[in-house]
Structures are given as structure tokens and as C-alpha cells.
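J.: Just need the structure, nothing else, for what follows:
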Amino acid sequence: LGLLREAEERRAVGRALIENVYNLDAVDFYYTVSAPLTEGIWRHEAVLEKVVRIVRLTRPEVIVTMNPAPSPGNHGNHQYAARLAIEAFQAAADPSRFPDQLRKEGLGPFRVKRIFRSGASGSGPQGPDCPSTFKKEDPTETVASVWQGTMSRRFGKTWAQIGEGAAREYVSQGWSGLSLPAEAGCNRFTQVASRVPHDPESTAPTGALEGALVPAPGGLPRGTELYLTSATFDAVAGEPFRVTAHVRSAGPAMADASVSLSLPDGWAAIGNGCLGLVSGPAESTATFTVTPPAGVPPGRFRIGATLTDGEASGRTAAVVRLVPAVQGRVERLPQVAQFEKWARDVGVPQLGSTVKPVLSLGVGETRTIRVDLHNWGARAQAGTVSLVLPPGFSAIPASRAYRLAAGADASVTFDVTNRDTALPTANQGGVRGDYDAQAVTTSSAGTSNETFGLELVPVTTIPRAAAAPVVDGTESPGEYLGPSLDLSRVWEGSPCASAADCSGSAKLTWYGDDLFVLVNVRDDLLGSVVMPADCKRHWRTDSVEIALDPRGASENTSTTFKAGLFPVTADPARGNPACFERDADNHQGPGRETAPGMVVASKAAGPYAGYALEAKIPLGLLPSAVDPQRLGLNLFIYDSDTQDLSGQTRLGWSTFGGVQGDPYRWGHARLAGYAPPAGRPTIAPDPVIPRTAALSVDSPQSILQSALDGVPLGGGPAAAAGARVRISS
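T.: Coordinates of the predicted model:
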């Protein structure tokens, strides 16, 4: 599969005349939304060293990467790849990082000029004016936009059409039928960092290349460096902080260079900005003391800088955030807290607050919510913290008092309860699934608010059966006495034309140490029927997924149990039976190998109008003992009406975008009367991750590329000069 996808990738990017693809030989293990899980499996320093080596060898002036943030649904492998690119932007320029590449391999440091992440937060119309009509969600961001409707002189097509054809090359990922909107929009790129002058508000199609591959406005030689750093990203109104301008010459010496700052209204700066003679590779700096006026409300602000040398000049900008004297922040999900710390640690703190804080809560349940406090000011502060909740929710107590020394931290907690149990849940609740609330923090310096989302998830009780159900794909009288769960909500893909097109329900019960699940699916067309040996990647065709989080507290699915069930296989000799697999969980793999004792059966009445799938799951298969008061539970239906192994609609019980990888958004189930056997572990073992990554040494295309451009396979070190290889077969 890896070699197949490499070939698809090369064909796709080749449509844009990209010739080389450098694979890192890190395993693409499964869909996860967890960058921390990816980091643990890929081994950070080992894979970062490969990325830095490739950057030092290929010497790109501009890097475009993915979104490093744990935004809902964002693949954890993609997040982590972006973080590696951002770290490599800095590490490749630093001779102290991976010094053996310099001492033993003969490489040199390389200073990439600019780095962007794909996409941007904001809105705007499609069409040729989309670069200039885009409304940024955060006005301080630098966003480059390129209209896709531009005609390629070489290919005689618009770049939107070229991109559509490229996307269709990814057949194995189900993109072969992709179609784009009738009117072309913009590709957008959000700047992460820049070392060179540029126009932060450029709407030119070459905006992302300014200062690096095309000259920046103002006449400075291409490659001249100008960028700002701040002693702190978080500043307090009325309190000074340092800003430093960094300058390097890329051409003739600058004889009388100087830097001036452009500040928001009312802000003041001390520092003359004189640099004098700037020549050679050495860096020159000018430091300013910047003070925002007292009383400025919190928010993000852009500080601009202009480098002048005679008649030539160039601009850049940096972003700082004004914070209240005392800041109250609602507790973050583990992966969000980890991302915010990473962003601070690697020097891109502006990325850290791009993910909206959210916390989940079961219908009718109570959870404790922590608010973390920090005194950013130079004086002790006292005040209160309270939660402003939407209708249907309550908090105890109504407020909490605090007292904080300068620079100190503290936290307060509230018990939040869902009182209105009739409120819609999952993505049907609130606004796009979030019931917005606020944490309000007061101090002698004023009041600050932080908005966060409460995501209400469904809850059920699973009763004990009087006797073990017979797993035959039918519901016999008395087998399933619990409630019927509605699985008809869409969480990804096209809406169903009708209930007959795609909808479903489920019932659950338990007996002994087994969980029984019966799913009834209405469906008007049966998708591709796979061979028994292809009982994997269930989302490609009609199937059901059962997701169980035994302790109800997993950060990612590596400590959960997830099974994909196919209602039918192309195996007429055995009656075309159902099959199952484990996918993206603690032990992914074929069902019989990874879930011994699990039984699956299906039944479909003719003429075809859907199917029923029934499963027995021994609870001992779960990676840890079930907490009977808080089993995480989700059930998904995948609908396909085509014969090309591509799904069209995804339905489920607790439904959000990317929810299959987000256990915190799954529903909650109570197993009435159940107790796990004594001694069953409550901590999951390390996941069994497939180590079957395709290797560059097995790829003829990668081998040919390496022979032509000299970049070692897989980003590893090159063989020593004069080394010999013996080929025996």
C-alpha cells in the first residue's frame, strides 16, 4: 500500500511539475488526531534529524507545510509533520543542531527564508477577487492568497482544474471522484515565520515569495534578512517589554542601515534603531523598549518594522498579545495543552491559541471544570472567577475568590451540570456542536473573559440480559431490553436523501463478561463487496464501526477498542458472511488475530433495503477493565452507494467531525450491575502498532531519484565515500 500511495503522490504532484518526493520511512500507522501519539511512534529526534538533513541538502527558500494545531478532525500525522517542518526551519539554520551533519557529512547550516502553513482562518467570496476580499479571523496574521482560476500557459487549464486532476490520482484514499466548485476560489497560506522583508498585507500572487524568491517591495536585495523578536509574546498594558530587530546583508554592505518601528495607536518605543554598517553574514541587531498604554483591552497586535538603507527599504511585522493583569483560562484538553506548550517552546507562540477550548459533558451529568489563573502583572491581585453558562447548564459555586502574588499561578474549580436533558447533543447541539460559555475573571485591573465550548454527548444505560443473546443478526424476543440508540445523524459526507437511503439504530446489552451489540441499518444501495482477505479499511464501503473506551478517559484511540464490521463479503462458498477487523486502536489488525472470541453475524432481507449486524465482544478484549459507570461508547454507520470502494456518508450516535479519533467526544454508557473481574488491569498496555512502513530502499522511484539528486534514501545519512555494497541476489 505504501508503494502504491507513493506512486499516486508522485503522479499527483507531477501535475504541478514537482519532480522530487522525499519520504521519511516513518510508519503511517492509522487515522489519529493525536500528535503526541505520532511523536511517540515516530521518535522525535530521529525523524527531525532526517527533515533537517533534507532541508540542508535541498536548500528550499520557502517551506509550505500543514496545520500543526489539534483542530477538530486534523490528522495527528499531519499535525506532527507540520511541527517537524517548523522545527526544521529553525534547526537547519543552527550549527549546534545535528552537528554530525556538518562534521561528518559535509553539510552546512541553511537559513530558509519563509515558512507557511496551508490554509487560513477567515471567510470571503470565490472568484478572481478572492485574494483582496478575504476577511481574516485574526487581522494580525499574514496570509498569502493565490486564485485557483488563473490559466496555466503551459497546460492550457486553470490551476483549479490541474489540482482537481491531481487530487483524483489518490485513488487508494477514495479521492478518484473528487469534483470542485464551479467557481474557483483561493489557495491560502498563513505565515508561521519569516526571516526576510515582505509586505504583510500583500495580495499579489507572489506574496508568499517576497524577499525569498522574488524581491520584496522597497528595493533591498533579495535574501536580505529582517525580522523581529519579542522578549515576550504575552504583554500587559502599561508595562514595557523589549523588541529586537535582526538584520543581515545579502548583497553589498549596507553603509547606513537603520530600523524604525510602526506601532498601534498610543504605543511608545524607546530606541534609535541605528545599525550603521551591515555587511557579510554577521547579524546586526537593534533593540527597542515598547510600552502599550494602560487601559488597552486584551487582544493581538501587530508591531511593524522598516529597514532603511539609503533609498532602499523593506518591511516586516511581528505579533504580540496583550493579556489582562490576571488571566483565567479554562483547562485544555491534553493534546491542546501539549500543542500550546510546544508552540511556546519552539518560538511560535502565536500559533498556540488558535484552537478553541472545548470540554465534553454527558447528558444529565456533572463534571468538574478547572480554571487556571496567572498574574501577569507586577503587583499582587485579588478578585473572583465565575462561569457564565448557556441555558440548561449550571455551576456550583457561582463564583470563586482568589488572591495571587505577582507572577503567581493558581486554579479554581466548578462543578458544571447539564440540567436540561432535552437539549440536542453532539453536532446538533449549540452552534456546530458547541454550547458556548465564558470564564469571567475580575481583578483590580479590570475584567477578562475567555469563551469555551461545552460539547454535550449522549448517554445511555446498557442493561444485563436475562440470557446471552444468540448472535445471528436478528433480535429475538427478550434479547435486547435496553433503549434504541439513533444512529442517523450525519458527521461527515453528503446528507442522506431519505431515511431509506441511509439511517440506522442500535441496541446493546451485556451478559457475563460479554457485550452484545445489534445495529439495524436502512440502505437503498449496497456498496462494493470486499473479498475476505480485504476485510480492512471498512470506511470504504457499507459497514459499521463499534468504538469502546473502557475507562472513559482516553486521550487518543490507542487505549481503546475499535472494530469495523462488514455486513457481507464476496465468499459465496461460505454464504458471503460478515467479517470484522480492529482498526486504529490498541491492537489494530485482522479480527480473528486481534479479537479472539469476538463473533459477528449479519442478515439482509431481499430485496435489499439494508442489513442488521450483531456482535458479541468479550470485554476482556478491551485494553483495560471497563469502568461500568463511564464506558466511552460510539457507533458509526458508513454508507456507500458506489462500486469503487469510496464512501459517501458517515452517520453515528455521538457525531462531530473527526469523532472516530476523539474519544472525549464519544457518548457515555453505564453497564447496570456489571463489575469487571478482579485483577483486570485498569491501565492499557502500550499499543501494538504495525511496523510495516514502506521503505525507500524498496521503491524504484525513490532509488532513481536519490541516484539523480544525491539526497540519501529516507532522509538518512549517506554512505561513507568509498563504501562498497555486495548484491547477492
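
J.: looking at this, residue 83 is in a helix?
T.: Yes. If the criterion is DSSP: H, G, I helix; E, B strand; the rest coil, then residue 83 is within a helix.

J.: Can you give me every residue that contacts the spatially closest residue to it that is not a sequence neighbour?
T.: What sits nearest to residue 83 in space, not counting adjacent residues and going by CB to CB, 6 or more residues apart in numbering, is residue 68, at 4.7 Å. Glycine gets a C-beta too; all of them are placed from N, C-alpha and C. Contact analysis of residue 68 by CB atoms under 8 Å, 6 or more residues apart in numbering lists 35, 79-80, 82-83, 86, 117, 339, 342-343, 351.

J.: go with 6 Å
T.: Taking CB atoms under 6 Å, 6 or more residues apart in numbering as the definition of contact, the neighbours of residue 68 are 79, 82-83.

J.: What of residue 191?
T.: 116, 142.

J.: Just the element for it, please.
T.: If you go by DSSP states H and E, residue 191 is part of strand 186-194.

J.: Residue 371 now?
T.: Element membership of residue 371, judged by DSSP H and E, is strand 366-375.

J.: quick revisit: any chance of the contacts of residue 68 in a markdown table, plus pLDDT and distance to residue 622?
T.: Output for the contacts of residue 68, formatted as a markdown table (pLDDT from 0 to 100; distance: CB to CB, whole Å):
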| residue | pLDDT | distance to residue 622 |
| --- | --- | --- |
| 79 | 98 | 27 |
| 82 | 98 | 33 |
| 83 | 98 | 31 |
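
J.: of those residues, closest to residue 653?
T.: Looking at the contacts of residue 68 and their distance to residue 653, the nearest is residue 79, at 26.2 Å (CB to CB).

J.: Look up the closest residue to the closest one, ignoring the ones flanking it.
T.: In space, residue 79 comes closest to residue 35 once its chain neighbours are excluded; the distance is 4.1 Å by CB to CB, 6+ apart.

J.: which residues sit in contact with that neighbour?
T.: Each residue near residue 35 by CB under 6 Å, 6+ apart is listed here: 76, 79-80.

J.: re the thing from before, the residue nearest to residue 83 looks like it's in a helix, true?
T.: No. The assignment for residue 68, made by three-state DSSP, is coil rather than a helix.

J.: Model confidence for it, exactly?
T.: What the model reports for residue 68 is a pLDDT of 98.

J.: Residue most distant from the centroid, the chain?
T.: For the chain, the largest distance from the centre (CA atoms, centre = their mean) belongs to residue 255, which lies 46.5 Å off.

J.: where does this protein dip in pLDDT?
T.: By pLDDT under 70, the low-scoring segments of the chain are 727-729.

J.: for it, what spans make up the helices?
T.: Taking DSSP state H, the helices of the chain run over residues 2-14, 35-42, 44-58, 76-91, 100-103, 130-133, 159-167, 334-345, 591-594, 700-709.

J.: Tabulate those in JSON lines, adding columns for distance to residue 372.
T.: Compiled in JSON lines, the helices of the chain are given as follows (distance: least, CB to CB, whole Å):
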{"stretch": "helix 2-14", "distance to residue 372": "42"}
{"stretch": "helix 35-42", "distance to residue 372": "20"}
{"stretch": "helix 44-58", "distance to residue 372": "26"}
{"stretch": "helix 76-91", "distance to residue 372": "23"}
{"stretch": "helix 100-103", "distance to residue 372": "40"}
{"stretch": "helix 130-133", "distance to residue 372": "39"}
{"stretch": "helix 159-167", "distance to residue 372": "42"}
{"stretch": "helix 334-345", "distance to residue 372": "10"}
{"stretch": "helix 591-594", "distance to residue 372": "40"}
{"stretch": "helix 700-709", "distance to residue 372": "47"}
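
J.: so of these, which one's packed in deepest?
T.: helix 76-91 (a mean of 23; mean count of other CB atoms under 10 Å).

J.: what's the angle between that one and helix 334-345?
T.: Counting by axes from the mean of the first three to the mean of the last three CA atoms, to 10 degrees, helix 76-91 lies at 10 degrees to helix 334-345.

J.: counting contacts, what elements does helix 76-91 pack onto?
T.: Counting contacts by 3 or more CB pairs under 6 Å, 6 or more residues apart in numbering; DSSP states H and E, helix 76-91 packs against helix 35-42, helix 44-58, strand 62-65.

J.: Mind doing that once more with 10 Å?
T.: helix 35-42, helix 44-58, strand 62-65, strand 114-118, strand 186-194, helix 334-345 (3 or more CB pairs under 10 Å, 6 or more residues apart in numbering; DSSP states H and E).

J.: Distance from it to the middle of the chain?
T.: Remark: helix 76-91 is offset 12 Å from the chain centroid, using CA atoms, centre = their mean, to the nearest Å.

J.: returning to that earlier point: identify, from the contacts of residue 68, the entry nearest to residue 651.
T.: Of all these, residue 79 has the smallest distance to residue 651: 26.3 Å, by CB to CB.

J.: Would you agree the closest one is in contact with residue 66?
T.: Yes. When contacts are counted by CB atoms under 10 Å, residue 79 is listed as touching residue 66 (7.2 Å).

J.: what's around the closest residue to residue 242 other than its chain neighbours, how many residues?
T.: Computed as CB to CB, 6+ apart, the closest residue to residue 242 that is not its neighbour in sequence is residue 231, at 4.1 Å. Look at residue 231: counted by other CB atoms under 10 Å, it has 14 neighbours.

J.: list the contacts for the nearest residue to residue 313 once chain neighbours are set aside?
T.: Closest residue in space to residue 313, ignoring its immediate chain neighbours: residue 218 at 4.1 Å, by CB to CB, 6+ apart. If you count contacts by CB atoms under 10 Å, 6 or more residues apart in numbering, residue 218 has them with 197-199, 210-211, 224, 306-309, 311-315.
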